[in-house]
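Trainee: build me a model:
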Amino acid sequence: MIKVAITGAAGRMGMAIINAVQPNGEVKLAGALEREGSLMVGHDAGEVAGAGHAGIRITDNRDIAFGEADVIIDFTSPESTLKNIEDAARLGKAIVVGTTGFSHQQREHIKELSKKVRLVLAPNMSVGINLLLKLVYDAVSKVGHDYDIEIIEAHHRQKKDAPSGTAIRISEVVADALGSNLEEVAVYERKGIIGERKPGEIGIQTIRAGDIVGDHTVLLGGPGERIEITHKASSRQTFAVGAVKAALWLAGKENGQYDMQDVLGLKE
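Mentor: Alright, predicted model coming up:
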């Protein structure tokens with residue numbers, strides 16, 4: 001039995017993860033963390049999430065929330081996540097991170113921290129998206145520079161970062177398959193008289209509207225045809241289930257930074 005602590009326990013993803021943990025016979029809720037001043041502090045985490053009584057009260061104290069856990073699951077903000085990774089290393093806990101929006105400097109800091117902690121870091125925990133990443137790599141490797149490649153992502157109006165972390169990860173996979181430097185070929189918006197599309201460009205387009213959970217499409221446009229590889233998430237529960245899967249997978253692993261491709265055995 002793996003004991004997990006959940007950060008942002010009263011948020012949308014935190015509650016979804018609690019609902020994924022409660023019926024799972026292989027994991028047990030051992031801690032629930034919320035920000036200082038949250039009105040949910042002191043309440044039963046399971047009842048707040050609508051998952052029934054869990055016997056674990058939400059706290060704003062990291063040491064209390066993480067104390068009994070084997071693995072921390074974190075979907076919060078870059079600043080909070082960095083602190084949670086540091087505390088995981090200090091307390092000897094593993095951690096699963098689905099937070100997005102990290103700066104380059106923050107990503108480098110996480111790499112350093114991963115020398116001291118077992119960490120799964122993935123912008124998208126769903127099985128489907130990680131299968132899409134493999135399909136995209138295989139497809140782009142075959143068509144190379146003969147097809148124009150565009151990545152279109154759509155999320156709910158409350159999402160704070162753009163492009164999504166998943167879209168960035170997809171674009172990194174595309175660039176890797178092309179042997180390109182993403183920073184040199186990425187195009188994030190087009191406006192005005194821009195001229196013809198440059199060879200090798202990777203377009204990354206963002207949509208924000210309503211309550212879209214998460215849609216991602218990779219469009220490969222070639223002569224006389226186009227290929228579209230699409231994933232649409234209809235519920236946050238798919239990310240929550242993936243996060244729990246990652247927490248179980250981390251048991252017994254060595255310190256280091258892993259991703260969902262490792263968890264799902266998709267790396268060749």
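Trainee: for the protein, which residues score under the pLDDT cut-off?
Mentor: For the chain, applying pLDDT under 70 flags the ranges 268.
Trainee: at 90 what do you get?
Mentor: Where the chain drops to pLDDT under 90, the residues are 22-25, 100-101, 123-124, 144-145, 160, 189-190, 235-236, 251-252, 261, 265-268.
Trainee: tell me where it has helices.
Mentor: Using DSSP state H, the helices of the chain run over 12-21, 45-49, 62-66, 78-91, 104-113, 127-143, 165-178, 182-185, 237-250, 260-263.
Trainee: mind listing what's buried along the longest one?
Mentor: Along helix 127-143, these residues count as buried under the neighbour rule (16 or more other C-beta atoms under 10 Å): 127, 129-133, 136-137, 139-140. In short, each C-beta sits where N, CA and C put it, glycine included.
Trainee: and for the first one?
Mentor: Residues 13-21 are the ones in helix 12-21 that count as buried (16+ other C-beta under 10 Å).
Trainee: same question, the fifth one
Mentor: Of the residues in helix 104-113, 110, 113 count as buried by neighbour count, 16+ other C-beta under 10 Å.
Trainee: re earlier: which one of the helices of the chain lies nearest to residue 228?
Mentor: Closest to residue 228 of those is helix 127-143 (C-beta to C-beta; 10.5 Å).
Trainee: who's in contact with the closest one?
Mentor: With contact meaning C-beta atoms under 8 Å, 6 or more residues apart in numbering, helix 127-143 is reached by 122, 124, 149, 166, 169-170, 173-174, 176-178, 216, 218, 220, 222, 227, 229, 231, 233, 238, 242, 245, 260-261, 264, 266.
Trainee: repeat that for 6 Å
Mentor: Residues from elsewhere that reach helix 127-143, judged by C-beta atoms under 6 Å, 6 or more residues apart in numbering: 173-174, 177, 218, 229, 231, 260-261, 264, 266.
Trainee: now it, how far from the centre of its chain.
Mentor: Centre-to-centre, helix 127-143 and its host chain are 17 Å apart (C-alpha atoms, centre = their mean, to the nearest Å).
Trainee: repeat that for stretch 62-72.
Mentor: How far stretch 62-72 lies from its chain's middle: 21 Å, per C-alpha atoms, centre = their mean.
Trainee: my read: residue 244 touches residue 19, true?
Mentor: No: contact status for residue 244 versus residue 19: not in contact, 10.2 Å apart, counting by C-beta atoms under 6 Å.
Trainee: where does the residue nearest to the spatial centre of the chain fall, phi/psi-wise?
Mentor: For the chain, the residue nearest the mean C-alpha position is residue 123 (2.3 Å; C-alpha atoms, centre = their mean). Taking degrees, to the nearest 10, you get phi -70, psi -10 for the backbone angles of residue 123.
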